[in-house]
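K.L.:
Take this sequence and fold it.
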Amino acid sequence: MRTIDRLGIDKQDLRYMRDAELSKLGVRVVNRSDLVLQCTRCAETWVPQLDSSGKLPFDYWLCPAKCNEVTAASSPPLK
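P.N.:
Okay, the predicted model is just below:
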């Protein structure tokens with residue numbers, strides 16, 4: 001059993017996460033190759049920018065309006 005936490009998510013690439021994991025974060029991937037994300041609460045879309053080392057930045061999966069910030073922190077463990 002795995003618990004979603006901020007540090008764990010920031011080390012994962014959303015393109016390879018299961019839909020069940022994404023829904024716990026309040027995010028859906030609109031385009032996996034370009035990593036276009038959409039908030040499931042407000043429907044806002046965004047494309048996280050890679051940092052200078054080519055990695056996704058910390059909190060890249062958070063909605064720009066912070067709609068899913070509480071969702072990720074309070075998510076129950078995934079089976």
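K.L.:
any idea which element the residue nearest the centre of the chain lies in?
P.N.:
The centroid of the chain falls nearest to Trp61 when counting by CA atoms, centre = their mean (3.1 Å). Using DSSP states H and E, Trp61 maps to neither a helix nor a strand.
K.L.:
surely it meets Val29?
P.N.:
No. Here Trp61 lies out of contact with Val29, judged by CB atoms under 8 Å, at a distance of 9.8 Å. In this view, the C-beta of every residue, glycine as well, is placed from N, C-alpha and C.
K.L.:
Name the residues contacting each of these two.
P.N.:
Listed as contacting both Trp61 and Val29 by CB atoms under 8 Å, 6 or more residues apart in numbering are Leu14, Leu37.
K.L.:
Just list the residues touching Arg41, thanks.
P.N.:
Going by CB under 8 Å, 6+ apart, Arg41 touches Gly26, Cys63, Cys67, Asn68.
K.L.:
Quick one: residues contacting the third one.
P.N.:
When you say that, I think you mean Cys67. Gly26, Cys39, Arg41, Cys42, Glu44.
K.L.:
how many other residues sit next to the closest residue to the first one other than its chain neighbours?
P.N.:
The shortest distance from Gly26 to any residue other than its chain neighbours is 3.2 Å, reached at Asn68 (CB to CB, 6 or more residues apart in numbering). The local packing of Asn68 (other CB atoms under 10 Å) involves 21 other residues.
K.L.:
Over to Asn68: give its phi and psi.
P.N.:
The phi/psi pair for Asn68 (degrees, to the nearest 10) reads phi -100, psi 10.
K.L.:
How far away from the center of its chain is the longest helix seen in the chain?
P.N.:
Counting by DSSP state H, the longest helix found in the chain is helix 19-25. Distance of helix 19-25 from its chain centroid, counting by CA atoms, centre = their mean, to the nearest Å, is 8 Å.
K.L.:
Dump it to CSV, keeping only the CA atoms.
P.N.:
C-alpha atoms of helix 19-25 as CSV (Å, rounded to 0.1, in the frame of the first residue of the first chain):
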residue,chain,number,x,y,z
ASP,A,19,-5.7,7.2,-13.5
ALA,A,20,-6.6,6.3,-10.0
GLU,A,21,-3.5,8.0,-8.6
LEU,A,22,-4.2,11.1,-10.7
SER,A,23,-7.8,11.4,-9.6
LYS,A,24,-6.6,11.4,-6.0
LEU,A,25,-4.5,14.4,-6.8
